[in-house]
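*Asks:* the following block contains a protein sequence and its predicted model.
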Amino acid sequence: REAGKEEEEDGVIEIGEDGFDVSSAPAEKADGSPAAAAPQAPEEPPAPKAKADAAPKEDSAEKGKEEDDEDDADDDGPPPPGNGGTVDGKYVWTQTLSELSVVVPLPDNTRGRDLSVTIGKKRLKVGLKAKSPEFIVDAPLTRAIICDDSFWTIEDGNRLVISLQKLNQMEWWSAVCEGDPEIDVKKVQPENSQLSDLDGETRQTVEKMMFDQRQKALGLPTSEEQKKWDILEKFKKQHPEMDFSNAKIT
């Protein structure tokens, strides 16, 4: 019977004075204050964030290194032929410090009256009248030219040769027209004929720089390094009793 009484009490819902169910409320202490809530287990610190970005950073570093290697490889390449370039389907061009030469292929037996050529200070237009209004070249120039000193002529009936006089004759062009493939002007090498305009001392300096640049490109000693090697060889002949096997040139 006692057990049955306990079961009945278990099923009883207690109603407080305010009319709310208090059967599940926390027990009060003897002095009437509410009993302290059971302590909660401390929260575990968040797991350290995985270094997911480590691999991308490494990939980025490797990519940057590869790009630097490609740039170095490009720097070691030969200078552009004639210090110019080729625009496929249009023309081939070369340059000196003072002028550019643009060669446009033409059909055989082409005459001057068959062409429409306009040379502007900042624009070049070349076309065959038979194919008007289409133009072989119709684009702004990358730099300004001197129109009065520029001209064109037909050679062998199948080539249009345009001579453009640069306005600034102390700079190299990376391209003739805007939007065309560009060359690396750092690889441009002046022709020896241009050095004749320089005074003796300046000419020697430029020739020495050009020689050293070619030597480096070929993996050979520069003029200064060769001079040191010559001095060492002379000293070795004067002192055959000495060991120069570990000698280094710095």
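*Replies:* Thanks, I have the structure now.

*Asks:* by contact count, what packs against the longest strand belonging to the chain?
*Replies:* When the chain is parsed with DSSP state E, its longest strand is strand 145-155. Under the contact criterion of 3 or more C-beta pairs under 8 Å, 6 or more residues apart in numbering; DSSP states H and E, strand 145-155 touches strand 115-119, strand 159-166. Just so you know, the C-beta spots here come from the backbone N, C-alpha and C atoms, and that holds for glycine as well.

*Asks:* which residue sits closest to Val185, ignoring its sequence neighbours?
*Replies:* Among residues not flanking Val185 along the chain, Trp172 sits closest, at 4.4 Å (C-beta to C-beta, 6 or more residues apart in numbering).

*Asks:* what strand or helix carries the one you found?
*Replies:* Assessed by DSSP states H and E, Trp172 sits outside every helix and strand.

*Asks:* begin at 649 from now on, thanks
*Replies:* All set: I'll call the first residue 649, so the last point we hit is now Trp820.

*Asks:* what's the neighbour count on it?
*Replies:* Burial measure for Trp820: 18 neighbouring residues, criterion other C-beta atoms under 10 Å.

*Asks:* so who does it touch?
*Replies:* Asn731, Gln743, Leu745, Val833, Val836 (C-beta atoms under 8 Å, 6 or more residues apart in numbering).

*Asks:* distance check, the fourth one against Ser822.
*Replies:* Going back to what we said before, that points to Val833. Using C-beta to C-beta, to the nearest Å, we find Val833 at a distance of 5 Å from Ser822.

*Asks:* so where's the protein uncertain?
*Replies:* Filtered on pLDDT under 70, the chain yields the residue ranges 649-725, 839-848, 850-851, 854, 858, 896-898.

*Asks:* helices of that one, residue ranges please.
*Replies:* 650-658, 702-723, 840-843, 848-865, 871-886 (DSSP state H).

*Asks:* related to what we said a few turns ago, pull out the buried residues from the contacts of Trp820.
*Replies:* Asn731, Gln743, Leu745, Val836 (16 or more other C-beta atoms under 10 Å).

*Asks:* okay if I get those as TSV plus distance to Asp878?
*Replies:* Shown next, in TSV, are the buried ones among the contacts of Trp820 (distance: C-beta to C-beta, whole Å):
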residue	distance to Asp878
Asn731	33
Gln743	37
Leu745	34
Val836	31
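
*Asks:* and these, which is closest to Ser780?
*Replies:* Checking the buried ones among the contacts of Trp820 against Ser780 with C-beta to C-beta, the nearest one is Gln743 at 29.4 Å.
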